[in-house]
Structure formats: structure tokens, C-alpha cells
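> Sequence first, predicted model second:
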Amino acid sequence: MKKLITICILAFAITTAQSQTVNDVPLNEIDVEYIQIVGTSKLFKNEVTIQIDFGQENKFFRDNTRVKDENGKLLSFNSMIDALNFMSHNGYEFVQAYALTIGNQNVYHYLMRKSED
């Protein structure tokens, strides 16, 4: 019985780890050394949306830079630190950050590197 529970937990962990995608590519399978996270605050909410740039081709009228869950739903984060922790769990480490103010809104840029672990 313990073996069955262990196998179920491992199967769930593997499925969950590969469920988040950008441009239909699982985060842990993006084959680049560096990525950039661009975070924008949502109006009237304490959440941020992030876009991930790993050099992929961007198509007009397609939201292919946002992170999606296993059901294709766009993910939001509580803060940029929440997004940073999320990316750390998906095999990336922080390199550098800067913010730009556009209008009255801050846009956060985080450069991350694929961990060598």
C-alpha cells in the first residue's frame, strides 16, 4: 500500500511539474540558458501577470508569452516574488532585475538563468 501511495505522489509531482507551459512548451523543457520575465500589475488587484521571453517567435493576436496551467488557463501571481519563486521551482535562478515606469504603471523585468543542478 505504501508503494502505491508513493507511486501516485511521484506521478502527480511529475505531471504537475510539466503542466505549466509558455507557447505550448513546458517550462522545464525550454532549451535556452536565459529567459526574461516581464511582470505587469493588474489594475485594481494585488496581482501581477507575467510574460516570459525566451526568444520564441511571437505571433500577432496570440498570447504565447504568458504562462498557462495544465488546462490552458493563464496564470496570475500575487507578486513578482511569487513569480520568482515559481520560476525557481521550475529550474531557473535569478540574475538581475530592473523596473520601468510606463504611464502610472511599473513594469518589472527579471533576467533568469537555467539552473545547472
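Here it is on my side, so go on. Numbering: from 1, shown residues only.

> Flag the helix or strand of the chain with the lowest per-element mean pLDDT.
The weakest-scoring helix or strand in the chain, judged by mean pLDDT, DSSP states H and E, is helix 2-17 (a mean of 46).

> Tell me who's in contact with residue 20.
26, 27, 67, 68, 69, 70, 75, 90 (CB atoms under 8 Å, 6 or more residues apart in numbering). In short, each C-beta sits where N, CA and C put it, glycine included.

> For residue 71, see how far away it is.
11 Å (CB to CB, to the nearest Å).

> re the thing from before, point out the least confident one among the contacts of residue 20.
Ranked by pLDDT, those bottom out at residue 27, which scores 66.

> Need the per-residue pLDDT for residue 98.
In this model, residue 98 is scored at 94, pLDDT.

> Using just helix, strand and coil, how would you label it?
What DSSP: H, G, I helix; E, B strand; the rest coil gives for residue 98 is strand.

> what's the neighbour count on the closest residue in space to it that isn't next to it in sequence?
The shortest distance from residue 98 to any residue other than its chain neighbours is 5.4 Å, reached at residue 109 (CB to CB, 6 or more residues apart in numbering). By the criterion of other CB atoms under 10 Å, residue 109 has 15 neighbours.

> for the helix or strand hosting residue 109, packing partners?
According to DSSP states H and E, residue 109 maps onto strand 105-114. Here strand 105-114 touches strand 34-41, helix 80-89, strand 92-102, going by 3 or more CB pairs under 8 Å, 6 or more residues apart in numbering; DSSP states H and E.

> Quick check: buried residues in that strand?
By neighbour count with 16 or more other CB atoms under 10 Å, strand 105-114 contains the buried residues 107, 108, 110, 112, 114.
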